[in-house]
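Peer 1: need coordinates for the below:
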Amino acid sequence: MLYDAVADLEVSIDSYSLDRRERDTSSGFTRATTVFSLYGDGDVGRGEDVTYDTDAHDALDDSPKAFDLTGAYTLDEFSAHVGDIDFFPGEEPGQAVFRNYRRWAVESAALDLALRQADTNLAEQLDRAYEPVRFVVSTRLEDPPTGDRVLEWLDRNPALEFKLDPTSEWTDDVVERLAATDAVRTLDLKGQYHGTSVDQPADPDLYERIVEGFPEALIEDPELTEETRPLFEGHEGRVTWDYPIRSVETVEALPWEPEWLNVKPSRFGSVRSLFETIEYCREHGIGMFGGGQFELDVGRQHLHAIASLFYPTAPNDVAPKAYNDPDPGGDLPSSPLVPSSDLRGLAWK
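Peer 2: Residues are numbered from 1 along each chain as shown. Model prediction:
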C-alpha cells in the first residue's frame with residue numbers, strides 16, 4: 001500500500017511557527033492562507049492551510065502557539081495525534097471541510113519534514129519518478145460573460161488549456177465561442193457547493209448547453225435533480241467529481257462509479273486518506289487530475305509533486321500561482337511543468 005511506504009517515517013518536531021499569506025486574485029477576492037512550519041533536527045517542513053475564511057486565519061494570528069505538535073513520532077503516530085487536536089479552538093469553522101484543510105496543512109508539513117530528516121523525497125520514498133505536469137488555467141469569465149478573457153489568454157499563448165466555471169448567464173453564443181477554441185478541457189458546474197460564494201444552483205438549461213456544446217470536455221460537480229439527471233444519460237463517463245471527494249467512502253457513495261475524479265489533497269485531511277483514495281482509483285481504473293485552491297505558497301508545490309507522481313498527463317487544475325494574479329505580467333511558465341532535480345522533502349521546485 002502507498003501509505004505503508006511513508007507511515008513508519010520518523011519525524012522529530014522541536015517547534016513550529018505560523019506565517020500569514022495574502023494576495024488579490026483574478027477572481028476578484030483577496031486570498032488568505034497560513035503556512036505551518038515544523039522545525040526539527042535542523043530541518044523545516046512546511047504545509048499550507050487553504051481555509052476559505054479570512055477570519056479563521058485571523059484567529060490563528062491571535063493564537064500562534066495553541067497546538068501541541070512537538071515530540072518524536074512516526075508519521076502514522078503523528079497523524080493519530082493531530083487527529084485528536086481541535087485546530088479551530090473556541091469556534092466552529094464556516095464549513096466542516098475546513099477542518100480537513102487545516103489538518104492537511106499540518107500533516108503535509110510533517111511529511112515534508114520527515115522526508116527531509118530522512119534525506120529523501122516523496123518520489124524516492126514511494127519508488128516512483130517525478131514526471132512533467134500538464135496544467136490547465138482556471139478562470140471565470142468577465143461580467144457579463146463574453147469569452148474575451150479566454151481569447152486574450154490564447155492570444156498570449158495559443159497552447160493554453162482551460163478549466164472554466166459556467167454560470168446561468170452563459171448564452172448559446174458564449175458557449176459556441178468558447179467551444180470553437182478547442183481549448184476547454186473541464187467545466188465546473190459548482191452544483192455540489194451550498195452556502196458558499198461560488199454556488200451555482202442546478203440549471204437544466206445551462207447543463208444542456210454545456211453537455212451539448214462541449215462534447216469532449218469533462219463536466220464537474222453537477223447537481224443531480226429529477227430535471228438534470230436525464231441530461232447526463234450516456235455522458236456519465238465525462239462527469240467528474242470534486243467537492244464531495246474526501247475519502248474512499250465518498251467515492252463509493254457517488255451516484256455511479258466515476259471514470260474521473262478531481263483530487264485535492266487538502267480535502268482529505270490526512271496523508272492516509274489521500275493515499276488510500278489514490279490507490280483505490282488506480283485499482284478501479286478511475287482517472288484522476290489535480291485541483292488547486294488559490295494556494296499562495298508551498299501548497300502549490302505539493303500539488304505539483306503529487307500530480308507529477310500519479311496523474312502527470314491529466315488536465316490538472318494546478319497552473320502556477322502567477323496565473324491567478326489580477327493582471328499577470330511577464331513570461332509565465334508553459335505546460336508541462338518540469339520538476340527540479342535533487343529534491344528533498346515534499347518540494348517540487
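Peer 1: which helices and strands sit right next to the helix or strand that contains Ala80?
Peer 2: Assigning secondary structure by DSSP states H and E places Ala80 in helix 75-82. Using 3 or more Cβ pairs under 8 Å, 6 or more residues apart in numbering; DSSP states H and E, the elements in contact with helix 75-82 are helix 4-7, strand 10-13, helix 98-117, helix 271-283. The way it works is simple: take the backbone N, C-alpha and C, and place the C-beta from them, glycine included.
Peer 1: okay, buried residues for the second one please.
Peer 2: Meaning strand 10-13. Residues of strand 10-13 classed as buried by neighbour count (16 or more other Cβ atoms under 10 Å): Val11, Ser12, Ile13.
Peer 1: name the helices or strands packed onto it?
Peer 2: Going by 3+ Cβ pairs under 8 Å, 6+ apart, strand 10-13 lies up against strand 30-40, strand 71-74, helix 75-82, helix 98-117.
Peer 1: what are the buried residues along the least confident helix or strand in the chain by mean pLDDT?
Peer 2: Taking mean pLDDT, DSSP states H and E as the measure, the chain has helix 54-62 as its least confident helix or strand, at a mean of 86. Buried residues in helix 54-62, counting neighbours by 16+ other Cβ under 10 Å, are found at Ala56, His57, Ala59, Leu60.
Peer 1: let me have the residues you listed in TSV, extended by distance to Ser26.
Peer 2: TSV is the format used below for the buried residues of helix 54-62 (distance: Cβ to Cβ, whole Å):
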residue	distance to Ser26
Ala56	23
His57	20
Ala59	27
Leu60	25
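Peer 1: and those residues, which is closest to Leu206?
Peer 2: Ala56 (31.9 Å; Cβ to Cβ).
Peer 1: closest to Glu22 among the buried residues of helix 54-62?
Peer 2: Closest approach between the buried residues of helix 54-62 and Glu22, by Cβ to Cβ: His57, at 8.4 Å.
Peer 1: wouldn't that closest one be in contact with Arg31 here?
Peer 2: No - the criterion here is Cβ atoms under 8 Å, and His57 misses it with Arg31 at 10.0 Å.
Peer 1: from Ser270, how far off is Glu279?
Peer 2: Distance, Glu279 to Ser270, by Cβ to Cβ, to the nearest Å: 14 Å.
Peer 1: ok, the two, which is more surrounded?
Peer 2: A count of neighbours by other Cβ atoms under 10 Å puts Ser270 above the other of Glu279 and Ser270, at 22 against 15.
Peer 1: local confidence estimate at that one?
Peer 2: pLDDT for Ser270: 98.
Peer 1: quick check on Trp153: phi, psi?
Peer 2: phi -60, psi -40 (degrees, to the nearest 10).
Peer 1: is Ala129 in a helix, a strand, or coil?
Peer 2: coil (DSSP: H, G, I helix; E, B strand; the rest coil).
Peer 1: show me what contacts the closest residue to it other than its chain neighbours?
Peer 2: Computed as Cβ to Cβ, 6 or more residues apart in numbering, the closest residue to Ala129 that is not its neighbour in sequence is Ala123, at 5.8 Å. Neighbouring residues of Ala123 by Cβ atoms under 8 Å, 6 or more residues apart in numbering: Ala129, Tyr130, Ala305, Ser308, Leu309, Leu343.
Peer 1: perfect, that will be all.
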